[in-house]
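Undergrad: What follows is a predicted structure for the sequence shown.
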Amino acid sequence: MSAEVKICGLTDADTVDAALEAGADYLGLVFFAQSPRAIEPDAAAEILQFADDVIKVGLFVDADDAALDRVLSTVRLDLLQFHGNESPERIEQVRLDFGLPVMKVIPVSGAADLERAELFVPVADRLLFDAKPPKGSDLPGGNAVSFDWTILQGFKCRLPWMLAGGLTPANVAQAIRISGATAVDVSSGVESAPGTKDSDLIRAFIRAAKAS
Ligand SMILES: O=C(O)c1ccccc1N[C@@H]1O[C@H](COP(=O)(O)O)[C@@H](O)[C@H]1O
């Protein structure tokens, strides 16, 4: 079975097209001002206007209701990704109030971190396991850092989950093989510079993930 692919941090129509043509299953837009991939709601709506048969994901970091409203009143999204310190209670509230499925990110550096996933099983629709940010990073994700994929071997998760963190066209097949992931998420690994997506790298990533 080929893995599902999410391309995250898209900021222009050309790389959206490249991702769609190559078979991306999810497109991610970052609504977090400190990110080099941050996009304003108007621009997001514009680059997604022809993106129909794909799951459109909004990435948020500890966003309050007003910030979510501001985006959701302008952009048609299918899934909300929460990449901050959101509690299970906050995830439950957002899911109910905004009526959209929610993917909660679990930062991982060792096997013990996987236990945190259980807290979100009753309130989230999906989980995403990403590497913890390195010391000194201003970003909770998008750091091109991997964790030890072997800790996911044999891990029984009661929600669908994705793997993220430092994935690239060169390592994604191995990451899938080792971790058992059925869905993968990439941002830095398909960029020519932070915040600049590269269509060739997007195509290579999707090809490698889908072939594995
Ligand atoms: O991409 C960002 O700038 C970002 C900012 C804040 C939180 C998360 C962010 N990105 C997400 O982090 C993971 C891993 O990214 P990478 O492939 O290692 O660069 C992924 O889910 C991105 O969507």
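TA: Happy to help now that I have it. If you're wondering where the values come from, they're calculated on a predicted model, not measured in any experiment. Numbering: from 1, shown residues only.

Undergrad: For the rest of this, base every contact and every neighbour count on C-alpha atoms.
TA: OK.

Undergrad: Show the residue spans covered by the helices in the chain.
TA: 13-22, 41-47, 65-72, 88-98, 117-120, 172-179, 199-211 (DSSP state H).

Undergrad: can you list the weak-confidence ranges in this protein?
TA: Within the chain, the ranges that satisfy pLDDT under 70 run 1.

Undergrad: would a markdown table of the helices of the chain with mean neighbour count and distance to the ligand be doable?
TA: Listed next are the helices of the chain as a markdown table, based on neighbours: other C-alpha atoms under 10 Å; distance: least, C-alpha to the nearest ligand atom, whole Å:
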| stretch | mean neighbour count | distance to the ligand |
| --- | --- | --- |
| helix 13-22 | 18 | 14 |
| helix 41-47 | 17 | 15 |
| helix 65-72 | 14 | 15 |
| helix 88-98 | 15 | 16 |
| helix 117-120 | 17 | 16 |
| helix 172-179 | 18 | 11 |
| helix 199-211 | 20 | 11 |
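
Undergrad: For my notes, please list those in CSV and give distance to residue 190 for each entry.
TA: Shown next, in CSV, are these (distance: least, C-alpha to C-alpha, whole Å):
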stretch, distance to residue 190
helix 13-22, 10
helix 41-47, 18
helix 65-72, 25
helix 88-98, 29
helix 117-120, 27
helix 172-179, 11
helix 199-211, 5
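
Undergrad: For residue 187, which of those is the nearest?
TA: helix 199-211 (9.4 Å; C-alpha to C-alpha).
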